[in-house]
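Asks: Predicted model and sequence follow; I will ask about them next.
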Amino acid sequence: MASNLIPNESNKEVIRVHNAFINAIFTLSADAKKLLLTVWLHTNNNGKDIKIYRGDIIEKVGIDLKNLNSEHREKMIEELMKTIITIRDIENPNNFIKVQLLGKTKYKDGVLYTNIDEDLLPYIKEAQEKLFTRFKIQNIKPLTSSHAIRIYLMLKQYEDTGWKEINFEEFKKMLELEYKYKNAYDLKRRVLEVAKKQINENTDIEVDYELIKKGRKYKKIKFAIRSKNKEKKLHTDNRMQQIKNDFNSFRQNLIKSNTIIALQDKYYEIKDGYLWQNDKLLNKEEAFEAWQELYKNKNQIKIIDNKKQFEAEREENRKEQLKKELLRTYFGKKYELLTKNAFGNDEFLHYEILKIEDITFKEDGTISLITFIGRGEDGRNYRLKATLNQLRQYTKW
């Protein structure tokens, strides 16, 4: 049975995958992708001692571990264990944790036993809550091309908008094909046509594509996406035109006013008709991608007119998020403080960290000072202050 991280809906296994995970696993082979998604469906709350029966894997993704060539079976599991996810420090991106997609894994008597690093669990859970990409896992079961699975996962995100445009070289990089298929005809025949055929014949969406030239070189690929739901069945050309008109109207209405647009944890600002993100002016392609994302989630965006209030709220939200991250990292750890005792001698005191009370920032936005509550060796609580470097340096693990 699936855990409460990934719920069942209408007796169908449904998995929602955070876009960051989609980007992280695109290099995996087709079978490795399928097996990983099955593991996620069976992930428990602590990520330990995950147990998946052979029949569940066959039912969900069509892989029979027992009857696989033993070399292929082991190579597929090794592929997952060797793939690394990087989690970067929220305050300093130069600090990071690297974890395996799968930990220790064993296959015995028709049962797969495995583990997921606890550092990945909050991100898997967050992916479920934010519903970035939603699909029935059975839809990838018949897909034998790794590229078809990757393209399906990407296009499924844009099912509601009906189209997706991507830079030609970026598309090749996404599939790790930068140095293959220099001839666009070969890419079309061996990748795009294969993916289109498999997706259209086996999944819940139908796709088509167009290669767009600028001069003598192909610059973009434009995908058309249509749901197979009969209630949504419209002629592709009419649907595309309707969506284009709606998209352009949506964008123009927002461009007319200088405002701030909030979408979950992303913030955009419109200045004199141009789109900015985090004080950076987006170029044409970046802006187009952002507008697509905003249009796709138009029912979730928030329009902010009071910039000062917004910036104050954003700073407060950032502070609260940092406090949670710091507390998750340091809770229960011992902070060591050098002080002088009554006789003037140096003495080390230890405080068990219980709460992050406040954070102050420098002008450049980095942390200046952290105020936290620590329980002393005498059992009393003390309010202490430290820089982030001091907290890292003097905390005993």
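Replies: Thanks, I have the structure now.
Asks: Which pLDDT value goes with Lys220?
Replies: Note on Lys220: pLDDT of 90.
Asks: ok, now Asp378?
Replies: We have a pLDDT of 90 for Asp378.
Asks: which SSE is it in?
Replies: Secondary structure from DSSP states H and E places Asp378 outside every helix and strand.
Asks: what residues are up against it?
Replies: If you count contacts by C-beta atoms under 8 Å, 6 or more residues apart in numbering, Asp378 has none. All C-beta spots, glycine's among them, are computed from the backbone N, C-alpha and C.
Asks: ok, now with 10 Å
Replies: Residues in contact with Asp378 (C-beta atoms under 10 Å, 6 or more residues apart in numbering) are Leu349.
Asks: mind listing what His349 touches?
Replies: To be clear, residue 349 is Leu; His isn't right here. Each residue near Leu349 by C-beta under 10 Å, 6+ apart is listed here: 334-339, 341, 374, 376-378, 382, 384.
Asks: cool, and Leu337?
Replies: Shown in contact with Leu337 (C-beta under 10 Å, 6+ apart): 347-351, 374, 376, 382, 384, 386, 390, 394.
Asks: Check what pLDDT the residue of the chain positioned farthest from its centre gets.
Replies: What lies farthest from the middle of the chain is Phe343; by C-alpha atoms, centre = their mean that is 55.5 Å. For Phe343, the pLDDT comes out at 71.
Asks: rewinding a little: next, format the contacts of Leu337 as a markdown table and append secondary structure.
Replies: Converted to a markdown table, the contacts of Leu337 look like this (DSSP: H, G, I helix; E, B strand; the rest coil):
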| residue | secondary structure |
| --- | --- |
| Glu347 | strand |
| Phe348 | strand |
| Leu349 | strand |
| His350 | strand |
| Tyr351 | strand |
| Gly374 | strand |
| Gly376 | coil |
| Tyr382 | strand |
| Leu384 | strand |
| Ala386 | strand |
| Gln390 | helix |
| Tyr394 | helix |
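Asks: Now a ChimeraX select for only the buried ones of the residues you listed.
Replies: Selection of buried members from the contacts of Leu337 for ChimeraX, criterion 16 or more other C-beta atoms under 10 Å:
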select :349,351,374,384,386,394
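Asks: What segments of the stretch 101-250 of the chain are helices?
Replies: Here the stretch 101-250 of the chain has its helices, by DSSP state H, counting those that start in this stretch, at 121-130, 146-156, 168-174, 184-187, 193-202, 236-255.
Asks: comparing the ones you listed, which gets the lowest mean pLDDT score?
Replies: Of all those, mean pLDDT reaches its minimum on helix 121-130 (a mean of 64).
Asks: Please work out which of the helices of the stretch 101-250 of the chain is packed deepest.
Replies: Ranked by mean neighbour count, these are led by helix 146-156 with a mean of 23 (mean count of other C-beta atoms under 10 Å).
Asks: what's the angle from that helix to helix 193-202?
Replies: Angle, helix 146-156 to helix 193-202, by axes from the mean of the first three to the mean of the last three C-alpha atoms, to 10 degrees: 60 degrees.
Asks: what helices or strands is helix 146-156 leaning on?
Replies: The contact analysis (3 or more C-beta pairs under 10 Å, 6 or more residues apart in numbering; DSSP states H and E) places helix 146-156 against helix 19-24, helix 30-41, strand 134-136, strand 163-167, helix 168-174, helix 193-202, strand 205-214, strand 217-227.
Asks: Name every strand pairing with the host helix or strand of Arg383 and say which way it goes.
Replies: For Arg383, the host element (DSSP H and E) is strand 381-386. When sheet partners are counted by DSSP bridges, strand 381-386 sits next to strand 367-375 (antiparallel).
Asks: Could I get the average pLDDT for the strand it pairs with?
Replies: So the average pLDDT for strand 367-375 ends up being 92.
Asks: Quick check: buried residues in it?
Replies: 367, 370, 372, 374-375.
Asks: what's the angle from the helix ranked longest in the chain to strand 367-375?
Replies: Assignment by DSSP state H gives helix 307-330 as the longest helix of the chain. Interaxial angle, helix 307-330 versus strand 367-375 (the same axes, to 10 degrees): 50 degrees.
Asks: could you say what helices and strands helix 307-330 packs with?
Replies: For helix 307-330, where contacts count as 3+ C-beta pairs under 10 Å, 6+ apart, the packed elements are strand 260-263, strand 266-271, strand 302-304, strand 346-361, strand 367-375, helix 388-394.
Asks: need the ones you listed in TSV with distance to Asn44, can you?
Replies: What follows is the helices and strands packed on helix 307-330, written out as TSV (distance: least, C-beta to C-beta, whole Å):
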stretch	distance to Asn44
strand 260-263	31
strand 266-271	31
strand 302-304	35
strand 346-361	28
strand 367-375	32
helix 388-394	31
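Asks: Minimum distance to Lys217: which of the ones you listed has it?
Replies: Nearest of those to Lys217, taken as C-beta to C-beta: strand 266-271 at 30.5 Å.
Asks: following that closest one, which helix or strand shows up next?
Replies: Next along the chain after strand 266-271, taking DSSP H and E as the criterion, comes strand 274-277.
Asks: Which positions in that following strand come out as buried?
Replies: Under 16+ other C-beta under 10 Å, the buried positions of strand 274-277 are 275-276.
Asks: Just give me how far the helix or strand just after that strand sits from the chain centre.
Replies: Going down the chain from strand 274-277, the next helix or strand is strand 280-281, by DSSP H and E. Its chain's C-alpha centre and that of strand 280-281 lie 23 Å apart, by C-alpha atoms, centre = their mean, to the nearest Å.
Asks: List the pairing partners of strand 280-281 within its sheet, with orientation.
Replies: Here strand 280-281 is paired, per DSSP bridges, with strand 274-277 (antiparallel).
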